[in-house]
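Novice: Return a 3D structure for these sequence lines:
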Amino acid sequence: MSAEGDELRAKAARLDALALQDFADAEEFWAAMPDGWDPNGNEAYFADGQGPTGRVQQTIDWYRWLADRHDAEEAAKPPAPVTSGWDKANPVYLEQFSGTGVPSTFVSESKAWGISGGQVQNAINQMANASVKDGQLVLTARRDGPHSTGLSSPSTVGWSTSNLHTGSNILIQLGKGKLFEFDATVPAMPTTQDNGMWPALWMTRSDGGDTVEFDVMEYFGGSDKLGVAWHGTYAGGRVWGKDWWNAEQAWVPDGKQHRFAMEWMPHGLKWFVDGVVVGTRTKDQLYPRCTDPSIKMRLRVGVQVGGAFGGNTSPGGVATSGTLSPWEFKISEIRVSSWV
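Specialist: Residues are numbered from 1 along each chain as shown. Below you'll find the predicted structure:
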């Protein structure tokens, strides 16, 4: 069917109703014709001596003939090319931090001391260290301790930080593919390598089952490197390249906004920094659950201090001394798009 054909059939239906009426003369008929129909310009389509009703029926037949012709022309056209790509105009999730507070989609990490790798921060007060200002989510690390860990060693830590995730509020599934984009700023620092800071943007499985984790961006203050990674199962230990993989490159924070992105596709993963590919993994290089369409991933953003990746937890070191406190990791946009 064509749009032109539909319009002509609608006109024919209106005239069909008119044809049932008894017109007094031709003038009344032409006045009733839709869209200002001009009889003089269409004389060839009408037979003389048939009267208004006959002319109505001929006009109906002509409209229907034209409608069929339009339909035939439409059917003969080659099909429009099918285009595939990221539907950024209709994101699955978009957060631009336009409000005054932390979006309700985010909840705080509940652990009281670090998360992994022997970090020195205290994580109890995490939502208090998160704020929204000038269209940015600001995650702050502060040396404001001592804070009790509830452990025998270490019994106290000196820093508080912020690690947030979307919990069950935002859950992302693979589908045909997903593109995760984070616009974020790591501040320039007078002391870079071994500075103690470890900001990250990542995703984890929502149900806490066999671990699947995608790290879109990690800055390792201990080595002054930018890392991207995926993690598979922890059962029975992990083998690099089979259960986990990472890529690192030298990277000195410049205090400017950068776009960190990752494509999650049925055939593999690809990471980008400002549009430049910094890592790829094909499906056969991944733990099988990484491309399982049934798993649901939640978004995570955070800052950690010290430990194996942040570095510098020794007495007198930057992380221990608090030289960089308060330290702010800023995120201005998070966008998740689908492949169509």
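Novice: the strands in the stretch 101-250 of the chain, which residues?
Specialist: Under the criterion DSSP state E, counting those that start in this stretch, the stretch 101-250 of the chain contains strands at 107-108, 121-122, 130-133, 136-148, 156-160, 163-165, 178-185, 197-205, 213-220, 225-231, 244-250.
Novice: Pick the most buried one from those.
Specialist: strand 121-122 (a mean of 28; mean count of other CB atoms under 10 Å). C-beta here means a position set from N, CA and C on the backbone, and glycine is covered the same way.
Novice: got the buried residues for the helix or strand harbouring Phe260?
Specialist: Assigned by DSSP states H and E, Phe260 falls within strand 257-265. By neighbour count with 16 or more other CB atoms under 10 Å, strand 257-265 contains the buried residues His258, Arg259, Phe260, Ala261, Met262, Glu263, Trp264, Met265.
Novice: Output those residues as CSV; include the columns pLDDT and distance to Glu213.
Specialist: Below are the buried residues of strand 257-265 laid out as CSV (pLDDT from 0 to 100; distance: CB to CB, whole Å):
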residue, pLDDT, distance to Glu213
His258, 96, 21
Arg259, 97, 21
Phe260, 97, 15
Ala261, 97, 17
Met262, 97, 12
Glu263, 97, 16
Trp264, 96, 12
Met265, 96, 17
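Novice: Max pairwise distance over those: which two?
Specialist: The largest separation in those, counting by CB to CB, is between His258 and Met265 at 22.4 Å.
Novice: beta partners of Met265?
Specialist: Gly268 (DSSP bridges).
Novice: isn't it right up against Pro293?
Specialist: No - assessed by CB atoms under 8 Å, Met265 is found out of contact with Pro293, at 11.3 Å.
Novice: quick one: common contacting residues for those two?
Specialist: Here Met265 and Pro293 have Leu174 as joint contacts, going by CB atoms under 8 Å, 6 or more residues apart in numbering.
Novice: Against Val305, how distant is Ile172?
Specialist: To Val305, Ile172 is 28 Å away according to CB to CB, to the nearest Å.
Novice: And those two? Which one has more around it.
Specialist: Val305 (34 against 20; other CB atoms under 10 Å).
Novice: right, and the more buried one touches Met197 too?
Specialist: Yes - contact between Val305 and Met197 holds when scored by CB under 8 Å: they sit 6.4 Å apart.
Novice: Show me the beta-bridge partners of Trp86.
Specialist: Trp339.
Novice: My read is that it contacts Leu179, right?
Specialist: Yes - Trp86 is within contact range of Leu179, at 5.0 Å (criterion: CB under 8 Å).
Novice: Now do the contacts for the spatially closest residue to Phe220 that is not a sequence neighbour.
Specialist: Once flanking residues are discounted, Phe220 sits nearest to Phe309: 4.7 Å by CB to CB, 6 or more residues apart in numbering. The neighbours of Phe309, taking CB under 8 Å, 6+ apart as the test, are Gly117, Trp198, Glu218, Phe220, Gly221, Gly222, Ser223.
Novice: can I get these in TSV with distance to Glu7 and pLDDT?
Specialist: Listed next are the contacts of Phe309 as TSV, based on distance: CB to CB, whole Å; pLDDT from 0 to 100:
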residue	distance to Glu7	pLDDT
Gly117	68	53
Trp198	64	86
Glu218	59	91
Phe220	64	84
Gly221	67	80
Gly222	70	70
Ser223	68	76
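Novice: Take these and lay them out in TSV including distance to Val301.
Specialist: Output for those, formatted as TSV (distance: CB to CB, whole Å):
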residue	distance to Val301
Gly117	18
Trp198	13
Glu218	12
Phe220	17
Gly221	17
Gly222	20
Ser223	21
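Novice: and which of those residues is nearest Ser168?
Specialist: So of the contacts of Phe309, ranked by how close each gets to Ser168 (CB to CB), first place is Glu218, at 24.4 Å.
Novice: wait, isn't that closest one in contact with Gly227?
Specialist: Yes - using CB under 8 Å, Glu218 is in contact with Gly227, at 4.3 Å.
Novice: separation between Leu151 and Trp159?
Specialist: 16 Å.
Novice: Excluding chain neighbours, give the residue nearest to Val340 in space.
Specialist: Nearest non-adjacent residue to Val340 (CB to CB, 6+ apart): Asp87, at 4.6 Å.
Novice: who does Thr185 bridge with?
Specialist: Gln257, Lys330.
Novice: quick one, what contacts it?
Specialist: Gln136, Gly255, Lys256, Gln257, His258, Phe329, Lys330, Ile331, Ser332.
Novice: Ok, Arg300 next?
Specialist: Here Arg300 is in contact with Asn163, Leu164, His165, Thr166, Ala200, Leu201, Trp202, Met203, Thr204 (CB under 8 Å, 6+ apart).
Novice: Done for today, thanks.
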